[in-house]
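In: One predicted model, sequence on top.
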Amino acid sequence: MKKILLTGGAGYIGSHIAVSLYENGYFPVILDNFSNSERQVINGIKALTENNFSLHDLDCKDPESFDKVLEAEGRIDGIIHLAAYKAVGESVQDPLKYYHNNMTSMWAVLDAMERLGIENLVFSSSCTVYGTPENEVVTEETAINPAFSPYGYTKQACERMMEDLHKTNSRKKQIRLRYFNPIGAHPSAVIGELPIGTPNNLVPYITQVGAGWREQITVFGNDYETADGTCIRDYIHVVDLAEAHVLSLGRILDKSGSSLETFNIGTGKGTSVQEIIDIFQEVNNTPIKVVYGDRRPGDVPSIYANADRAYKELGWSAKYGIEDCLKHAWHWQKTLTKPGS
Ligand code: UFG
């Protein structure tokens, strides 16, 4: 059974990837220091994998962590590198935190691959690398514009590190997945997103309003040049996103030579903030109090994926629609207890 190291494997996306790996015959090896994730997620992964994974409570910024994991595991066939901070607003307030964490961990991953002879890497990138794109539909060839946040810049810089390493003829097979907006939860409601503190993202905020944890959602701007005035994003179910990683590994694990490939992972369909709120209320029969506020600095009015390359080359496409995403997010929310209560 091939062993796949997941840095940040205890996070929202990592936990869903661990389950998909297990379901597809891989053995997930989680490396996480729990700096931005809750330990209780491990119970969910245990339940969904029948305990077929291993966990290393280590910091992936520390190069020695990889030596320790390799020694304990015997071998590592590939790495999925997810460990990173991801809050756009926080990165503007505290850029050094982002540069230190996101770039040091990427360096440590690539350094470990060089030193320890690990050839396969799938990197968790983001559509944030496109900055403010000229067209709202982006392909992988769309120009990389200046990042609008330190967070975005760290993703661009990490992609660049992979590119520079590729040019050295280092025998690596690398894939960069540019995620659009992952939402939802595992259909079992055994794992899902556990935001620490106030959610930054739209859907966990909505579910917390639905659950009565928060009074209302503020829509950040309804005066954009879109049909209903609110921002448009490409929301993708987290289980579909997890599948894209499994297919990416399948593509590179048994290949020889070196390669560097990039894929957009989105549905190809844009949905507005207002539509998300409306659909959530309808499919879950749960009212959401909404107020309309100012635009959030740094928001791109509209962006969604052209994901044709992922379909053609990986055989990947999203299976879940927006209704499923919002139903699963709500099922998950209902399993949670309000912190402090
Ligand atoms: N929004 C609100 N109210 C809220 C929260 C969000 O109106 O309380 C709006 C935002 O203004 C935006 C949309 O909902 O228009 C989506 O916002 P999210 O914060 O959920 O997602 P973003 O598109 O800003 O960011 C996400 C990830 C980033 C990633 C980025 C790429 O959080 O990590 O997508 O576009 F880089």
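Out: Great, that's in hand.

In: hang on, residue 262 packs against residue 166?
Out: No: here residue 262 does not reach residue 166: they are 11.2 Å apart, not a contact under Cβ atoms under 8 Å. (Glycine included, C-beta is placed from N, CA and C.)

In: More neighbours: which of these two?
Out: Neighbours were counted for residue 262 and for residue 166 using other Cβ atoms under 10 Å; residue 262 has more, 19 against 16.

In: and the next element down the chain from the longest helix anywhere in the chain?
Out: Counting residues, the longest helix in the chain under DSSP state H turns out to be helix 150-167. Sequence order places strand 173-179 as the next helix or strand after helix 150-167, per DSSP states H and E.

In: Nearest residue to residue 298 in space, please, no chain neighbours.
Out: Nearest-residue entry for residue 298: residue 148, 4.9 Å, with adjacent residues in sequence omitted and distances by Cβ to Cβ, 6 or more residues apart in numbering.

In: OK, contacts around the closest residue to residue 173 other than its chain neighbours?
Out: Spatial nearest neighbour of residue 173, excluding adjacent residues (Cβ to Cβ, 6+ apart): residue 252 at 3.8 Å. Contact analysis of residue 252 by Cβ atoms under 8 Å, 6 or more residues apart in numbering lists 78, 120, 122, 173, 174, 175, 259.

In: ok, so what distance separates the second one from residue 7?
Out: Same thing as residue 120. According to Cβ to Cβ, to the nearest Å, residue 120 and residue 7 sit 14 Å apart.

In: Quickly list what's touching both of the two.
Out: The overlap between the contact sets of residue 120 and residue 7 (Cβ under 8 Å, 6+ apart) consists of residue 79.

In: More neighbours: which of the two?
Out: residue 7 (32 against 25).

In: Against the ligand, how distant is the more buried one?
Out: Taking Cβ to the nearest ligand atom, to the nearest Å as the measure, residue 7 falls 17 Å from the ligand.

In: residue ranges of the helices in the chain, please?
Out: So, for the chain - with DSSP H - the helices run 12-23, 41-49, 63-73, 88-93, 95-98, 104-116, 150-167, 202-210, 238-252, 273-284, 308-309, 322-333.

In: what's near enough to touch the nearest residue to residue 108 once chain neighbours are set aside?
Out: In space, residue 108 comes closest to residue 63 once its chain neighbours are excluded; the distance is 5.0 Å by Cβ to Cβ, 6+ apart. Going by Cβ under 8 Å, 6+ apart, residue 63 touches 108, 111, 112, 115.
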